[in-house]
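Asks: Sequence first, predicted model second:
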Amino acid sequence: MDELEQDVTSVRDVRARYGRDGDGSNVQLRYLWPSQQEMNLMKEYEKVFNPLSLPDTIAKAKHDKQEAIKFTVERQKALRENMKSLEKWKKAVRDKIRDNEEAARIAREKQARLIEEVRLMYGARIDPHDEKFQEILAQKEEEEKKTQKALKKQQKQQKLVEQMKKIAEQAKQKADEENQKNTPLPPTDQTSTNVV
């Protein structure tokens with residue numbers, strides 16, 4: 001490649017030709033070296049891409065590595081502590097599942113009992129999907145809700161009565177204590193004591 005051809009060809013193409021053909025391309029090596037403008041651009045790019053100096057970059061990398069190790073150690077400690085309480089969590093989940101199953105079983109038994117009561121009331125074996133059966137079942141459920149509500153009300157009243165009794169008893173004890181403090185003790189005369 002002669003000098004005129006190198007002047008006309010772009011620098012990128014000249015460098016590519018040298019990269020492809022090597023010394024056989026007859027490219028002058030001065031074309032391969034970056035120009036002053038390219039060097040300034042490369043330096044600016046390096047400052048933007050990596051603003052820290054080499055020692056600062058190494059120190060930052062060490063610090064980041066130590067932070068990562070510290071984070072990993074703390075996470076492993078937390079995992080170990082969680083593993084210690086894993087059995088407790090499993091037991092809580094099993095208990096909750098057992099309670100849910102028990103509640104579902106009780107609901108099924110209650111529904112079956114209500115259906116059987118309605119069948120006994122109605123007389124013959126009837127289809128549980130029959131409208132009349134559903135109406136009677138709804139009435140029965142309503143009656144049961146009313147009885148439950150009445151029972152709860154009665155329990156609440158009983159609890160209220162017990163609380164009132166307790167408050168009255170405490171007030172009576174307090175009044176007795178006040179009376180004992182206010183009444184003077186009878187004088188004791190040591191000379192008139194009878195010895196038996």
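Replies: Perfect, thanks for sending it. Numbering: from 1, shown residues only.

Asks: rest of the way, CA atoms for contacts and neighbours
Replies: Noted.

Asks: Can you get me a residue count around Leu137?
Replies: Counted with other Cα atoms under 10 Å, residues neighbouring Leu137 total 20.

Asks: And it, how far from Lys145?
Replies: Leu137 is 12 Å from Lys145, where distance means Cα to Cα, to the nearest Å.

Asks: do the same with Ile136
Replies: For Ile136 relative to Lys145 (Cα to Cα), the value is 14 Å.

Asks: Pass me the low-pLDDT residue ranges in this protein, would you?
Replies: In the predicted model of the chain, residues 1, 6, 123-126, 184-196 satisfy pLDDT under 70.

Asks: Domain-wise, how is it divided?
Replies: What automatic domain parsing lists as the domains of the chain is 1-50, 52-84, 86-178.

Asks: Tell me how far the longest one lies from the chain's centre.
Replies: The offset between the C-alpha centroid of domain 86-178 and the centroid of the whole chain comes to 32 Å, using Cα atoms, centre = their mean, to the nearest Å.

Asks: re earlier: look at Ile136 and Lys145 and report which has more neighbours.
Replies: Higher neighbour count among Ile136 and Lys145: Ile136, with 18 against 12, using other Cα under 10 Å.

Asks: Which element, helix or strand, includes the closest residue in space to that one that isn't next to it in sequence?
Replies: In this structure, Ile136 finds its nearest non-sequential neighbour in Val118, 6.6 Å apart by Cα to Cα, 6 or more residues apart in numbering. Val118 belongs to helix 86-122 when assigned by DSSP states H and E.

Asks: If we go by neighbour counts, what in stretch 82-97 is buried?
Replies: Buried residues in stretch 82-97, counted by 16 or more other Cα atoms under 10 Å: none are found.

Asks: before we move on, the earlier item: now whichever helix or strand comes after the helix holding Val118 against helix 86-122, angle please.
Replies: Downstream of helix 86-122, the next assigned helix or strand under DSSP H and E is helix 131-182. Relative orientation of helix 131-182 versus helix 86-122 (axes from the mean of the first three to the mean of the last three Cα atoms, to 10 degrees): 120 degrees.

Asks: and helix 131-182, what other elements does it pack with?
Replies: Using 3 or more Cα pairs under 8 Å, 6 or more residues apart in numbering; DSSP states H and E, the elements in contact with helix 131-182 are helix 86-122.

Asks: so what does the helix it packs on touch, helix or strand wise?
Replies: When contacts are defined as 3+ Cα pairs under 8 Å, 6+ apart, helix 86-122 packs onto helix 131-182.

Asks: try 10 Å
Replies: Counting contacts by 3 or more Cα pairs under 10 Å, 6 or more residues apart in numbering; DSSP states H and E, helix 86-122 packs against helix 54-84, helix 131-182.
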